[in-house]
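Student: Okay, sequence plus prediction incoming.
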Amino acid sequence: SLPGIGHACGHNLIATSSVVGASAAARVMAAQKLPGKIVLYGTPAEENGGGKVKLLEAGAYKDYKVDLSLISHPNIQPSSARMGTTAISTFKVEYFGVAAHAAANPWLGINALDAMVQGYTNFSMLRQQTVPGEIIQGYITHGGDATNIIHKYAAGEFTVRADSAPRLETLRAQVIRCFQAGALATGARVAITDLAAYKNHISNGPMADAFTRYYNGLGKDHVIATDADKDAANGKTQASTDQGDVSHAIPSISPMYAIEAGPGGQGPHNPGFAKSAGTKASYARALRVGKGLAGVAIDVLRDERFLAEIKRSWEQDMKNSRSTTDSNAYLAPQPTARDSQPRCRKLPRMSPNGPAGNGSSAATAAAASHTVPREPSPAEASPQHRSKAPHYNSFPSYHAIRHEAPNGHAGTTTQHSTGKLPAAPARVLGPDLLRGLLMMFMAMDHLGIALRPWEHGLGRHAEQDGVPVTSWNRPAGYLVRSLTHLCAPGFTLLLGMGVVYLGRARRRRQGWAAARLLRYYALRMAVLALVMVAHSLVLTGGQLWFLNIVLFALAVDYFLAGLVWLAVDETEGWLAGRLATVLDEAAASCTQDSDSDAEQPLLQAGRPQRSRAEEKAASISWHLHNVLLVIFSVVAIFWNIWLSQNHGQCAVTKSDIFDSAAVTVSRAPGWDDRKMDKYWWLRLWFWETSGPGVLSVFPPLAWLSFAIVGVLYGRIVVRSGARTSTRSLLYHVGAGLVFTVVFVLTRLLHFGNLSEHCLQTPENMARPDTNQYLVSPAAFFYTIKYPPDVAFWALTLAANFFLLAGLQQIPVAFAKRWLSVVLDFGTTSLFFYVVHMPVVFLTGGIMCALFGHDTDQEGPSTGLISNKVIDSVFGFFGVWALCLLIMWPLCRWYGQFKFGKPSDSLWRIF
């Protein structure tokens, strides 16, 4: 908006003609009893907010089964029924350098302002070579902070316009390269963020002809040319509008009608035009336009053949629009690979961030940045899928992300190798499906507590350190409990992977500093902890304020995993730079007279040429950090064994079995039982604990290893980038097999178990000399969950990776159509967790009251659980399905709500 005058584009007249047109058409339709429907949309934020684009994405047109769209726009050009606008892309360019004193030690800095000036100069020089009708504009929004410094930050906003989307893609790619060159020349890092993008408006011919007849019949002044070519020439404008996106989704016209110009010929977005748009003559013209739009609508309602003609014409227009991909039709011949790679004199080793020893090296850049471009999916190509928040229908759009290798320049994240406009951020399908599946398993686990069809454990009690097992659960209960064992490990694994994806997105795409990202991780931890407290108070009726049944552990592990990833991200590039220097010096001493470097081009395929030493250094640093993560994850799971009171040995005598089996809170070694309640806040990090108002069964540090494995998994996925489904399948199956081998070894070699000598079932007692884990399948798969032992860690991670291997292979279209309930649960996981507990226990209580029966089981100690039970397997799964059916619309609604929020909104955490 402009100060004092607002938008000054005649939106008051647009609203007038639309309301008049819709009202008039609706009245005629009612009077003549015509079949059909008239929908009047309010669409604010046309220019910068993209109101109609958001309506498209939300399904507003699709849900009402709208066939066509009619709107208008005032101007000072001759009236036209065929207004044609330009496609537009607006984006923000940011350069990140290194601050230094300009007089004392400028050589320590990297000047972000120099990068911006260089990029802006390239951008300006490109103007002389653009095709007529193409426009590039922009300004510098941040040019520095003082006169005597090397500037660490510079930014600007830029706009690119072209007659069609294909031409815009080509022009935008050229502009992006201008700014990449500025970064390459100075060593700064560039981040490019899309702000808005609209398609060009394509007017529908049959509707334009019909409007012309009605409009010209309503007055003799400012008539529209009846010749289609002349009308299109009159309607051509360099403006852009979100109605362009609508015209690519359904047939559209947006007639442009002339009103009196402001003083000096002022058109839209000028003070004079704002005054002109408020005159009686302008409102009269808007009424005339509204009547013309109503006439077109009535023709469509009266004659289905006319609608069919409109759609045929629109389909041909869309086909023609897609076929106009003559990206190089107006460009000079491009240089060949030989032309673009001149032979050069031997120069000092250069990197994307400057000479070696001045700033970070290319190895640093390679280790720190891995661009993830990909082709937009067919779903994203639709105008209804162009928001920054990904969508499928009303929810996220899922795509098999193709991870490309680094483009050789740190921080450039929006450029596509095809030159196409970047699509909306995509989600990886497999993890969302896995998360949704685990949510369903978790509901199954908690429903077992509500209905009490069997014991809550693989045996007769929960799987705890040092608790003997005298008998197994019934087969259905054992199977359900085994499935639910995958939940907490899977959640924590995906949490660690999510830390990597979020951290890379914030640092590479948005330029966040490490401190800012760490604060964000801490904020998310605090929010999860507060949710846990509120959840505890509600579920227990105020008896417990700290009920940690997984959420607090996830909160702490999220922050710690983020801290680990930040440490790795910071040190990996630093180490790569140091190694590159050492390797380069070693190579130079061996080949002082070699001219091999002189034979190499400085640039190859538009990418900075990196030395072999830099590439090797980046690879060594990456692998070394992965090895450290492996070691950390192994130590973090083994400390559960080392900190066990009996080191995983069950030293309980047979006569004490039934007394000790009832223990639900393990004692930490070396703690005075009289002080347990007092120091619960120290014990909760590694051990189960309780105190006044406190019960914690998921020690955060006992589960940290799963999150570290997730960080390692995320790094490998991002770096290696399984380009094919076969390669992805092999990676995940391979990981699953590694953990399977570890699990089998824990059984055979008796290490990493917190259940040694604890299997005291009849079959075990009958074979005392046999490996206790090999007596039966139930014994073989028995592991300890509280806290997790190495066997549990290996078994559950193997199962999760095998599930990921299968889920990654599911086609996106199939998942969106047949597995939408799983996706809805997987994308609203925290919301599901918070809401499913009352749903499960209330539904379970009602079902038990209606269909349950009394039992000789000991009654529950809480009012949340009925005294009756439902122990039928079919009844259990029936109630489980009912609970999921109740949860589905709730999660679907919340998904629509949260994905409409900014990416840093707290609502997105749920």
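Tutor: Good, I have the coordinates.
Student: Check the spacing between the residue positioned nearest the centre of the chain and residue 895 real quick.
Tutor: Geometric centre of the chain, nearest residue: residue 427, 4.9 Å, by CA atoms, centre = their mean. Residue 427 sits 12 Å away from residue 895, taking CB to CB, to the nearest Å as the criterion. Placement of C-beta: from N, CA and C, glycine included.
Student: Over to residue 633?
Tutor: Going from residue 633 to residue 895 by CB to CB gives 32 Å.
Student: picking that back up, show me the beta-bridge partners of the residue nearest to the centre of the chain.
Tutor: Residue 427 has these beta-bridge partners by DSSP bridges: residue 398.
Student: neighbours of residue 39, just the number please.
Tutor: 12 (other CB atoms under 10 Å).
Student: pretty sure it is in contact with residue 64, am I right?
Tutor: Yes: contact criterion CB atoms under 8 Å: residue 39 and residue 64 qualify, at 5.2 Å.
Student: what's the nearest residue to residue 101 if we skip its chain neighbours?
Tutor: In space, and not counting its chain neighbours, residue 101 is closest to residue 149: 6.4 Å by CB to CB, 6 or more residues apart in numbering.
Student: what do you get for residue 583?
Tutor: Nearest non-adjacent residue to residue 583, counting by CB to CB, 6+ apart: residue 613, 3.8 Å away.
Student: my read is that neighbour is in a helix, agree?
Tutor: Yes: per DSSP: H, G, I helix; E, B strand; the rest coil, residue 613 lies within a helix segment.
Student: which stretches of the stretch 451-600 of the chain form strands?
Tutor: In the stretch 451-600 of the chain, the segments counted as strands under DSSP state E, counting those that start in this stretch are 546-548.
Student: what sits up against the helix or strand that residue 747 is a member of?
Tutor: Taking DSSP states H and E as the definition, one finds residue 747 inside helix 725-749. Residues outside helix 725-749 that contact it (CB atoms under 8 Å, 6 or more residues apart in numbering) are 400, 713, 716-717, 720, 722, 751-753, 771, 773-774, 780, 789-791, 793-795, 797-799, 801-802, 804-805, 808-809.
Student: Buried ones in the helix or strand just after that helix, by neighbour count?
Tutor: Next in sequence after helix 725-749, counting helices and strands by DSSP H and E, comes helix 762-766. Going by neighbour count (16 or more other CB atoms under 10 Å), the buried part of helix 762-766 is residue 764.
Student: Dump helix 762-766 to CSV, restricted to CA.
Tutor: Provided in CSV are the C-alpha atoms of helix 762-766 (Å, rounded to 0.1, in the frame of the first residue of the first chain):
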residue,chain,number,x,y,z
PRO,A,762,8.3,-73.3,32.6
GLU,A,763,10.1,-74.1,29.3
ASN,A,764,13.2,-72.2,30.5
MET,A,765,13.2,-74.0,33.8
ALA,A,766,12.8,-77.3,32.0
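Student: starting at the chain centroid, how far to the helix or strand following it?
Tutor: The helix or strand immediately downstream of helix 762-766 is helix 777-780, counting by DSSP H and E. Averaged C-alpha coordinates place helix 777-780 at 40 Å from its chain's average position (CA atoms, centre = their mean, to the nearest Å).
Student: Which secondary structure elements does the helix or strand following helix 777-780 sit against?
Tutor: Moving toward the C-terminus from helix 777-780, the next helix or strand (DSSP H and E) is helix 790-807. If contacts are counted by 3 or more CB pairs under 8 Å, 6 or more residues apart in numbering; DSSP states H and E, helix 790-807 sits against helix 429-451, helix 487-504, helix 612-642, helix 704-720, helix 725-749.
Student: What is the burial count for residue 194?
Tutor: Using other CB under 10 Å, residue 194 has 16 neighbouring residues.
Student: Pop out the phi and psi values for it.
Tutor: The phi/psi pair for residue 194 (degrees, to the nearest 10) reads phi -70, psi 140.
Student: Skip the chain neighbours and tell me the closest residue to it.
Tutor: The shortest distance from residue 194 to any non-neighbouring residue, by CB to CB, 6+ apart, is to residue 91 (5.0 Å).
Student: so where is the stretch 301-450 of the chain shaky, pLDDT-wise?
Tutor: Scanning the stretch 301-450 of the chain for pLDDT under 70 picks out the ranges 322-426.
Student: thinking again about what came up before, could the helices and strands packed on helix 790-807 be laid out in CSV, adding mean neighbour count and distance to residue 843?
Tutor: Converted to CSV, the helices and strands packed on helix 790-807 look like this (neighbours: other CB atoms under 10 Å; distance: least, CB to CB, whole Å):
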stretch, mean neighbour count, distance to residue 843
helix 429-451, 23, 8
helix 487-504, 24, 19
helix 612-642, 18, 35
helix 704-720, 24, 30
helix 725-749, 16, 35
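Student: of all those helices, which lies closest to residue 244?
Tutor: Checking those against residue 244 by CB to CB gives helix 429-451 as the closest, at 30.6 Å.
Student: For the closest one, C-alpha coordinates in CSV please.
Tutor: What follows is helix 429-451, C-alpha atoms only, in CSV (Å, rounded to 0.1, in the frame of the first residue of the first chain):
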residue,chain,number,x,y,z
LEU,A,429,6.9,-39.8,2.0
GLY,A,430,8.5,-42.7,3.9
PRO,A,431,9.0,-41.1,7.3
ASP,A,432,5.5,-39.6,7.3
LEU,A,433,4.0,-42.9,6.6
LEU,A,434,6.1,-44.6,9.2
ARG,A,435,5.2,-41.9,11.8
GLY,A,436,1.5,-42.3,11.0
LEU,A,437,1.8,-46.1,11.3
LEU,A,438,3.6,-45.8,14.7
MET,A,439,0.9,-43.5,15.9
MET,A,440,-1.7,-46.2,15.2
PHE,A,441,0.4,-48.8,17.0
MET,A,442,0.7,-46.4,20.0
ALA,A,443,-3.0,-46.0,20.2
MET,A,444,-3.2,-49.9,20.2
ASP,A,445,-0.8,-50.0,23.1
HIS,A,446,-2.7,-47.5,25.2
LEU,A,447,-6.0,-49.1,24.3
GLY,A,448,-4.7,-52.3,25.9
ILE,A,449,-4.5,-50.4,29.2
ALA,A,450,-8.0,-49.1,28.8
LEU,A,451,-9.7,-52.4,27.8
